[in-house]
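Enquirer: Starting from these lines, generate the structure:
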Amino acid sequence: FTQNNGQSFYHTGLVEKVEDGKVFTIEGNTSSTAGVVENGGSVQRKSYSLGYNRIGGYGRPNYSLIQEIQEDDDDMTQEKFKEMFKAAMADYRKELRDNDCGSWSKEAREFAISTGLFAGSGTTPDGQPNYMWEDLLTREQCAQLFYRFAQQYGLV
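Expert: Coordinates of the predicted model:
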């Protein structure tokens, strides 16, 4: 809807149907009175003549795209989704399992290695221990880390 012949727009309604020379809409933030009442505070069904001068334009979704998406998803099951998600996460974690890290953590990393808190997992292609600095840390791994720390410093 417009107040200045389409120069700017201030309200939107969903066209429910066009029939007998009228446009039937469902509008939010409006009132039950005739015309468009800004900030009317309710959702209403309304109708306007096709020549109503405040209707600034119409848009229509490309429903063929929705049909294509639905057809692609017809064979999607919860089990298939889980398999795809696991595969995507495995690929993502492979990217994190290297020795890339920020310089801000150098002292902490050296401490963790020198005290045996971190031992690494396998080796990188150049034969260095792989500490997987960017990989995810589970609660189980975190508990083990704290336990090793407590053992190392006689806290347990």
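Enquirer: any low-confidence regions in the chain?
Expert: 32-40, 67-74 (pLDDT under 70).
Enquirer: Just the strands from it, written as ranges.
Expert: Remark: strands assigned in the chain by DSSP state E are 13-19, 22-30, 42-49.
Enquirer: Deepest-packed of those strands, please.
Expert: Among the strands of the chain, strand 22-30 has the highest mean neighbour count (mean count of other CB atoms under 10 Å), at a mean of 17. For every residue, glycine as well, the C-beta is placed using N, CA and C.
Enquirer: Give me the helices and strands touching it, please.
Expert: Applying 3 or more CB pairs under 8 Å, 6 or more residues apart in numbering; DSSP states H and E, one finds that strand 22-30 contacts strand 13-19, strand 42-49.
Enquirer: So which bits of stretch 79-99 are buried?
Expert: Buried residues in stretch 79-99, counted by 16 or more other CB atoms under 10 Å: 97, 98.
Enquirer: before we move on, the earlier item: among the strands of the chain, which comes closest to residue 152?
Expert: Residue 152 sits nearest to strand 22-30 of all those, at 61.8 Å, using CB to CB.
Enquirer: who touches the closest one?
Expert: 11-18, 36-50, 52, 55 (CB atoms under 8 Å, 6 or more residues apart in numbering).
Enquirer: how far away is the residue nearest to residue 118 when sequence neighbours are not counted from residue 105?
Expert: In this structure, residue 118 finds its nearest non-sequential neighbour in residue 112, 4.3 Å apart by CB to CB, 6 or more residues apart in numbering. Using CB to CB, to the nearest Å, residue 112 is found at 9 Å from residue 105.
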